[in-house]
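> below: sequence and its predicted model.
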Amino acid sequence: MQPNENLPTSKRWIVSPLVPPAVKRELHDFPPFLRQLLYNRGIQTATEAHAFMDAETVALTDPLLLRDMDVAISLIQDALSHAEKIAVYGDYDVDGVTASALLFEFFQALGNTPRVYIPNRFDEGYGLNLEAINLLAGEGVKLLITVDCGIRSVKEVALARSLGMNVILSDHHLPGHEIPPANAVINPRQPGDAYPFKHLAGVGLAYKLAAAYLQAYPQPGLKAENWLDLVALGTVADLAELTGENRALVGQGLNVIRRSSRQGLYSLAQVSGIRLDRITTANIGFGLGPRLNAAGRLETAMAAFQLLVSDDLYESARLAQLLDDQNAQRKNLTQQIQEKAIAGALAEGGSLPIIFAASEEFSEGVVGLAASRVAERFYRPAIIGHQSDGLIVASCRSIKEFDITRALDECADLLVRYGGHSMAAGLTVANDNLPALLERLNSLASRQLAGMELTPELFIDYDIALDKLKAEHIPEIMDDVSRLEPTGVRNPEALFCSRGLRVVNPRALSDGQHLKMLLRAGINTYEGIAFRQGYWLKSLPPVVDVAYTFEINEYQGRQSLQLNIRDIRPAENPA
């Protein structure tokens, strides 16, 4: 069977149970359909429901609860009062770029324009590096602030301190065994930190730093809330949990975007076909975020940074078009790498738990996206890398049953550098150490995954009989669904399933990548779009069960209901 004829690992659908009577009585103020959606998200009391629905109005947690925040404020105030040179050292993804833009504008508003340093993915790799530290010291930087990086950069921070720099390290990634010797470490996940919410993104911590300073040293007309649009962009694009305080930050940030005067963001929305006055987290996740990320994946993330801080109409338009072009190029490169990695995975027959592929031809900037697609398709950890100059720079994507960063901790002696989350990480390894690394990682995965049934799960909010759904009920459903916003990790979009739908006129889009079709249920017919599922076209059954979200499709000024199909399987009961 050829790779493009293979269907992905089948998913197990878990349909949520109906709301029990006691919870139904407790949530009696909410419409029945919304009541079910709330219950599916673990909400069982009226107090919890109102807190969830009113997240945008919830007071944010005091930033001074973060460990070392008082020290960081003092360092900033001292640097400002002595007009010292400040550098913001960011990361090249959307989280790092938005955090860098936030602190750039913050310090600029305080009268000190900082030096922004975002490393080049291809020349320098992820995080702090010794050459950059020496460069910044040579430029006279006295205060170095990291955003979205640095928590594992022990040697680099030590060098900065030895060269006379004060260092504020702000990073949301999981710390290693040793905390770098910064003057202040802002990370709610470090030992002994009392901050109650542990899942802020890097841009969320940058916002907290600005908010804490303005709380201690108020400035007329200057509010940290001015930068919540950047917080929403970075938090959603970084796939941070949209629960707790992140839900409040993103909800408030979306409102700032809807009335945004940020020229660069407006220009980017124009080329993306997105209306900012109706923006959702999905628009960020699938529209704005990928374009901002494309700059750092193909060339330098400074283009994305410059777009976000630009107030010039023509410069913003030029940069927005550049990012849009780069995003189209990124899609093509990702597809090519994905196909080669899948072919290799099929050839090796699944004998190893971790899928690995590396080549000089693979673009280092998009291997992470390809790894995500491969891990999703086969539901196995995937490591895909670019090979050159005796090194492999790779991205890892995992499954919930296997913490990839913890596994890399067990292989630290074989790695040049690494870091990340439980589900996603990056690493650099010498070619000579690659066989030993793969042997150890596969051994760890074999032991940890032994006996597990590795089947991805889809949690379904409601099983809807589309043949019985009346047109007048659809606006009510759409309204209830919209009240879950902002949606994302740990607060997903409402997902439904329907069964026994007859397929009409299926066709491929975008060179076979996507699948478009009509789905007939009784006398009702619905448009359906299945992104990245074009492989179904050659083997699509005439009657299917589908899992999907409802969405409104806008085309040439016309709006229509569309099913955004997340999974397809042959109908259990075709009759």
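The structure has been received and is ready for your questions.

> and the nearest residue to Leu444 once chain neighbours are set aside, what's its pLDDT?
Leaving aside its chain neighbours, Leu444 sits nearest to Ala407 (5.0 Å; criterion: CB to CB, 6 or more residues apart in numbering). Every residue, glycine included, has its C-beta placed from N, CA and C. Note on Ala407: pLDDT of 96.

> other SSEs contacting the longest helix that the chain contains?
Using DSSP state H, we find that the single longest helix of the chain is helix 313-348. Contacts defined by 3 or more CB pairs under 8 Å, 6 or more residues apart in numbering; DSSP states H and E place helix 313-348 against helix 263-272, helix 289-298, helix 302-309, strand 355-359, helix 367-378, strand 382-388.

> packing partners of the helix or strand encompassing the residue nearest to Leu444?
Assigned by DSSP states H and E, Ala407 belongs to helix 404-409. On a contact count with 3+ CB pairs under 8 Å, 6+ apart, helix 404-409 meets strand 391-397, strand 417-420, strand 424-430, helix 434-449.

> Three-state assignment for Arg121, please.
coil (DSSP: H, G, I helix; E, B strand; the rest coil).

> contacting residues around the residue lying closest to it once chain neighbours are set aside?
What sits nearest to Arg121 in space, not counting adjacent residues and going by CB to CB, 6+ apart, is Tyr92, at 5.3 Å. By CB atoms under 8 Å, 6 or more residues apart in numbering, Tyr92 lies in contact with 118-121, 126, 295-296, 300-301.

> per-residue pLDDT, Tyr92?
So Tyr92 comes in at 93 (pLDDT).

> and Tyr555, by the same measure?
Reported pLDDT for Tyr555: 66.

> so where does Arg507 fall, helix or strand?
Going by DSSP H and E, Arg507 is in strand 496-509.

> what lines up beside that strand in the sheet?
Using DSSP bridges, strand 496-509 pairs in its sheet with strand 462-463 (parallel), strand 514-521 (antiparallel), strand 543-555 (antiparallel).

> just those: most buried one?
For the strands paired with strand 496-509, average neighbour numbers computed from mean count of other CB atoms under 10 Å are highest in strand 514-521, which has a mean of 19.

> do me a favour and average the pLDDT over that strand.
On average, strand 514-521 scores 96.

> could you list the residues in contact with that strand?
By CB under 8 Å, 6+ apart, strand 514-521 touches 465-467, 469, 498, 500-509, 525-534, 536-537, 540, 544, 546, 563, 565.

> low-confidence ranges, this protein, go.
Low-confidence segments of the chain, defined by pLDDT under 70: 1-8, 349-350, 555-559, 575.

> tell me the domain ranges of it?
3-21+457-570, 63-224, 350-449 (automatic domain parsing).

> please list all residues in contact with Gly251.
55-56, 485-486.

> and the contacts of Tyr92, which two are furthest apart?
Greatest spacing in the contacts of Tyr92, by CB to CB: Tyr126 and Ala295 (15.6 Å).

> which one of those two has more residues nearby?
Ala295 (27 against 24; other CB atoms under 10 Å).

> surely Asp95 and Val231 touch.
No - using CB atoms under 8 Å, Asp95 is not in contact with Val231, being 10.0 Å away.

> I'd like to know how many residues surround Arg566.
19.

> ok, now which ones touch the closest residue to Val23 other than its chain neighbours?
In space, and not counting its chain neighbours, Val23 is closest to Gln44: 4.9 Å by CB to CB, 6+ apart. Gln44 is in contact with 23, 26-27, counting by CB under 8 Å, 6+ apart.

> do Leu265 as well
Here Leu265 is in contact with 229, 233, 257, 276, 288, 308 (criterion: CB under 8 Å, 6+ apart).

> from Asp311, how far off is it?
11 Å (CB to CB, to the nearest Å).

> same check, this time on Met452
For Met452, the distance to Asp311 - CB to CB - is 53 Å.

> with Pro63 instead?
For Pro63, the distance to Asp311 - CB to CB - is 27 Å.

> tell me which of these two has more neighbours.
Pro63 (23 against 10).

> you'd agree that one is up against Lys208?
Yes - counting by CB under 8 Å, Pro63 does reach Lys208; the two are 4.0 Å apart.

> quick check: neighbours shared by these two?
Met69.

> which residues touch the closest residue in space to Ile43 that isn't next to it in sequence?
With CB to CB, 6+ apart as the criterion, Ile43 has its nearest non-adjacent residue at 5.2 Å, and that residue is Ala49. Contacts of Ala49 were listed using CB under 8 Å, 6+ apart, and they are 27, 29-30, 38, 43.

> Ala237: which of the helices and strands packed on helix 404-409 is closest?
Closest among the helices and strands packed on helix 404-409, using CB to CB: strand 424-430, at 13.0 Å.

> where exactly do the strands run in the stretch 1-150 of the chain?
Secondary structure of the stretch 1-150 of the chain by DSSP state E, counting those that start in this stretch: the strands cover 12-15, 85-89, 115-117, 141-147.

> compare Asp95 and Val231 and say which is more crowded by neighbours.
Legend: neighbour count by other CB under 10 Å for Asp95 and Val231, higher for Asp95 (31 against 28).

> isn't Ala412 right next to Tyr418, touching?
Yes - Ala412 is within contact range of Tyr418, at 7.3 Å (criterion: CB under 8 Å).

> of these two, who's got more company?
Legend: neighbour count by other CB under 10 Å for Ala412 and Tyr418, higher for Tyr418 (23 against 13).

> what sits closest to the more buried one if chain neighbours are left out?
Closest to Tyr418 by CB to CB, 6+ apart is Leu427, at 4.0 Å.

> give the contact list for the one you found.
Contacts of Leu427 by CB under 8 Å, 6+ apart are 383, 385, 393-394, 396, 408, 415-418.

> ditto for Pro353
Counted by CB under 8 Å, 6+ apart, Pro353 has contacts 380-381, 442, 445-446, 449.

> number of nearby residues for the closest residue to Gln190 other than its chain neighbours?
Residue nearest to Gln190 in three dimensions, not counting chain neighbours: Pro175, with 5.2 Å by CB to CB, 6+ apart. As a burial measure, Pro175 scores 16 neighbours (other CB under 10 Å).

> now Pro475: how far from Phe496?
With CB to CB as the criterion, Pro475 and Phe496 are 16 Å apart.

> before we move on, what about Ile274?
24 Å.

> same check on Glu472?
18 Å.

> same question for Pro119.
For Pro119 relative to Phe496 (CB to CB), the value is 43 Å.

> among the two, which residue is more densely surrounded?
Applying other CB under 10 Å to Pro119 and Phe496 shows that Pro119 carries more neighbours, namely 23 against 20.

> which parts of the stretch 151-300 of the chain are strands?
166-170, 184-186.

> Asp70: neighbour count?
So Asp70, with other CB under 10 Å, has 13 neighbours.
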